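Chemist: Task: produce atomic coordinates for the following.
(chains A and B)
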Amino acid sequence: MSRLSINGMKKGKTSNNLFSGGPQKLSGQKAAGGGLRSYNFTFGAVLTVIMLGLIVLGFFWVPYDTEAMQGSVKLNAPSLAHIFGTDQFGRDVFSRVLSGAGSTLVIAGGTILIGGGIGILTGAVTGYFGGWLDEGLMRINDVLAAFPSVLLALVIISIWGSGKYKVMLALGIAFIPSFARIVRGEFMRCREEDYVTSARLIGVSTPRILFVHILPNILPALLSSLTIGFNNAVIQEAGMSYLGIGVQPPDASLGRMLSESQTYLASGPWCAVFPGLFLVLLILGVGMLGEGILDRFGGGR
Amino acid sequence: MPEKVLELKGVNAYYKEGKQKKQVLEDVSFTLYEGEITGLVGASGSGKSTLCKCVLGLLKEYDGEIIHYTKSPQMIFQDPFRSLNPKKSIGWILEEPLKVQGGCTKEQRREKAEEMLKRVHLPVELYGRYPRELSGGQRQRVSIALALITGTKFILADEPLSALDVTVQAQIIALLKELQESEKICYLFVSHDLDVVSMLCSRVLFLKDRKVKEYADL
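Modeler: Numbering: from 1, shown residues only, chains lettered A, B, ... in the order given. You can find the predicted model right below:
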């Protein structure tokens, strides 16, 4: 009986220590699901670095000219000379995959820059201030969000015409609402925090409160949504190029390569498999990295 | 006669509920003097939080007069786990008011922040640490240091002890007392704990049903 009560007291003491000291709490959390979580982050990071490394390499060096056609090597299977094989015009698939992925990266990056930049600004202002400003801007946001992003991009492209930078702009505008909504929610949550009240009492200016005090606290959620946005942009760009409204020939693009190679699926499957695989691995890597960032630094989950 | 720090004259405060205004404070008047600790007690819903917001300038929907005779009022919060920015180091947090005020070099800021850490009996080594690495009592001391470094003479303490255990509570009470005497700080001390109020405060302000029911020396 007495032993039981001593045990009880000991337990009480331990939990009390946990409450007053941060580090113990943190290590406890980590231990709970550490294995799978760090696996996500590490694998995602490694895969992303490899894929981005290949793409960056493609900007400076490709084994063959991406547009050079060679009649003698049409639809050749992968070999030492052409590791991903050649397409129906005898162009090197590996070179075209690297260069196509380059266009994809530029478009997805630009999309994130435009959509994320404007989205973060809108979300921060509406979330922090609330009131009529929030109402007004978020209704415009709702109107934008009501259109499927591809449809919105199509409308914009039909007005301005197609091309790499126009696709980027169109997708960027289409991506604003989703970022604005996420950032708005986070800022709404944070504006009620005591440390924000404290900053206001000290006399910190509003822009500084928004971007120096609050922004670092929402970074894990933001980074994770940026990676999801990046993946969506990659898929949308590939989809639009597949439909012929994205990157225009003779520039290479993963989506266009998939579209062009479907006729030769039986005689030269490598023309479709490698661009597809590249796309899948890029998205998988960035997606897992995003998950990993949220798990590792999110804290709240 | 000690100098006035804060004066409220006939303050009525309101909250908007749809199109209607709901009155939450009615004709509140009192004066606080330097070096004085005044307890603010009252049941939940009596208007304590609203009064605090009005005093700090966070609520603008009031009429009557609130006059501050010193620099901007500061606040010590109830929950020490939420009152410090989790992504910033203790040094950064303490230097922020100096950055806002301007006129200090980087070295001077660091020097002042370290001096302030010593002032609240914390080791200087905490300068580079993050709030998550500190205990509740240590964080509450950092909050007090943050209020002091602004140079204010008025601190509103919103149940600063309720999240702490008894021994740490006693240490924080001792620190508040010490600063009251040495720096002539005036506190408005919000609490539910009448024992603490009777121990710490020289006056008590008792709110009931939106009005000041009692304002008396202890």
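Chemist: Looks to me like residue B:63 is in a strand.
Modeler: Yes: checked against DSSP: H, G, I helix; E, B strand; the rest coil, residue B:63 lies within a strand.
Chemist: how many neighbours does it have?
Modeler: 9 (other CB atoms under 10 Å in any protein chain shown). In short, each C-beta sits where N, CA and C put it, glycine included.
Chemist: in the sheet, who's paired with it?
Modeler: residue B:12 (DSSP bridges).
Chemist: can you list the weak-confidence ranges in the stretch 51-200 of chain A?
Modeler: For the stretch 51-200 of chain A, no stretch has pLDDT under 70.
Chemist: all helices of it, in order?
Modeler: A:93-129, A:131-146, A:149-160, A:164-191, A:194-202 (DSSP state H, counting those that start in this stretch).
Chemist: now the ones you listed as CSV including distance to chain B and mean neighbour count?
Modeler: Listed next are the helices of the stretch 51-200 of chain A as CSV, based on distance: least, CB to the nearest CB, whole Å; neighbours: other CB atoms under 10 Å in any protein chain shown:
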stretch, distance to chain B, mean neighbour count
helix A:93-129, 14, 22
helix A:131-146, 12, 13
helix A:149-160, 32, 17
helix A:164-191, 10, 22
helix A:194-202, 4, 21
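Chemist: Which of the ones you listed sits closest to residue B:22?
Modeler: The closest of these to residue B:22 is helix A:131-146. By CB to CB, the value is 18.9 Å.
Chemist: mind exporting that closest one as PDB, just the C-alpha atoms?
Modeler: Output of helix A:131-146 as PDB, limited to C-alpha atoms (Å, rounded to 0.1, in the frame of the first residue of the first chain):
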ATOM      1  CA  GLY A 131     -12.000  43.300 -40.400                       C
ATOM      2  CA  TRP A 132     -13.200  44.800 -43.700                       C
ATOM      3  CA  LEU A 133      -9.700  44.400 -45.300                       C
ATOM      4  CA  ASP A 134      -9.900  40.600 -44.600                       C
ATOM      5  CA  GLU A 135     -13.500  40.400 -45.900                       C
ATOM      6  CA  GLY A 136     -12.700  42.300 -49.100                       C
ATOM      7  CA  LEU A 137      -9.400  40.600 -50.100                       C
ATOM      8  CA  MET A 138     -10.700  37.100 -49.100                       C
ATOM      9  CA  ARG A 139     -13.800  37.500 -51.300                       C
ATOM     10  CA  ILE A 140     -11.500  38.300 -54.300                       C
ATOM     11  CA  ASN A 141      -9.500  35.300 -53.200                       C
ATOM     12  CA  ASP A 142     -12.700  33.200 -53.200                       C
ATOM     13  CA  VAL A 143     -13.500  34.300 -56.800                       C
ATOM     14  CA  LEU A 144     -10.000  33.300 -57.900                       C
ATOM     15  CA  ALA A 145     -10.300  30.000 -56.100                       C
ATOM     16  CA  ALA A 146     -13.700  29.200 -57.600                       C
END
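Chemist: elements contacting it?
Modeler: helix A:93-129, helix A:164-191 (3 or more CB pairs under 8 Å, 6 or more residues apart in numbering or on different chains; DSSP states H and E).
Chemist: Relative to residue B:40, how far out is the residue nearest the centre of chain B?
Modeler: Taking CA atoms, centre = their mean as the criterion, residue B:156 is the residue nearest the geometric centre of chain B, at 2.3 Å. If you measure residue B:156 against residue B:40 using CB to CB, to the nearest Å, the figure is 9 Å.
Chemist: Which residues are in contact with each of these two?
Modeler: By CB atoms under 8 Å, 6 or more residues apart in numbering or on different chains, residue B:156 and residue B:40 have these common neighbours: B:52, B:188, B:190.
Chemist: can I get those in a markdown table with secondary structure?
Modeler: Below are those laid out as a markdown table (three-state DSSP):
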| residue | secondary structure |
| --- | --- |
| B:52 | helix |
| B:188 | strand |
| B:190 | strand |
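Chemist: Would you reformat these as CSV and include neighbour count?
Modeler: CSV is the format used below for the shared contacts of residue B:156 and residue B:40 (neighbours: other CB atoms under 10 Å in any protein chain shown):
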residue, neighbour count
B:52, 19
B:188, 26
B:190, 26
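Chemist: Need those in a markdown table (columns: pLDDT).
Modeler: Shown next, in a markdown table, are the shared contacts of residue B:156 and residue B:40 (pLDDT from 0 to 100):
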| residue | pLDDT |
| --- | --- |
| B:52 | 91 |
| B:188 | 93 |
| B:190 | 93 |
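Chemist: so which of these would you say is closest to residue A:128?
Modeler: Nearest to residue A:128 among the shared contacts of residue B:156 and residue B:40 is residue B:52, at 21.5 Å by CB to CB.
Chemist: isn't that closest one right next to residue B:190, touching?
Modeler: Yes: using CB atoms under 8 Å, residue B:52 is in contact with residue B:190, at 6.4 Å.
Chemist: Which neighbours do these two have in common?
Modeler: Residues within reach of residue B:52 and of residue B:190 at once, by CB under 8 Å, 6+ apart, are B:40, B:156, B:158.
Chemist: Now, those that are in helices?
Modeler: Counting by DSSP state H, none of the members of those fall within helices.
Chemist: Closest one to residue A:49 out of the residues you listed, please.
Modeler: Out of the shared contacts of residue B:52 and residue B:190, the member with the shortest distance to residue A:49 (by CB to CB) is residue B:158, at 48.0 Å.
Chemist: Now for the closest one: which residues touch it?
Modeler: B:49, B:52, B:75, B:76, B:77, B:78, B:190.
Chemist: Which residues does it form beta bridges with?
Modeler: Bridge pairing for residue B:158 - DSSP bridges - gives residue B:190.
Chemist: Could you check the pLDDT of it?
Modeler: Listed pLDDT for residue B:158 reads 91.
Chemist: what's the spacing between it and residue A:208?
Modeler: 24 Å.
Chemist: repeat for residue A:103
Modeler: 38 Å.
Chemist: Find the nearest non-adjacent residue to residue A:249, please.
Modeler: In space, and not counting its chain neighbours, residue A:249 is closest to residue A:256: 7.0 Å by CB to CB, 6 or more residues apart in numbering or on different chains.
Chemist: Kindly list the longest helix within chain B.
Modeler: helix B:166-183.
Chemist: which one is the most centrally placed residue in chain A nearest to, not counting chain neighbours?
Modeler: When CA atoms, centre = their mean is applied to chain A, the residue found nearest the centroid is residue A:227 (2.1 Å). Nearest residue to residue A:227, sequence neighbours excluded (CB to CB, 6+ apart): residue A:290, at 3.1 Å.
Chemist: give me the element that neighbour is part of.
Modeler: Element membership for residue A:290 (DSSP states H and E) is helix A:270-297.
Chemist: How about residue A:43?
Modeler: Short version: residue A:43 belongs to helix A:22-60, going by DSSP H and E.
Chemist: So residue B:14, which state does it fall into?
Modeler: Under three-state DSSP, residue B:14 comes out as strand.
Chemist: what about it, neighbour count?
Modeler: 16.
Chemist: doesn't residue B:60 make contact with it?
Modeler: No: at 10.3 Å, residue B:14 does not count as touching residue B:60 under the criterion of CB under 8 Å.
Chemist: ok, back up a step: what angle separates the helix holding residue A:290 from helix A:93-129?
Modeler: Angle of helix A:270-297 versus helix A:93-129, following axes from the mean of the first three to the mean of the last three CA atoms, to 10 degrees, is 30 degrees.
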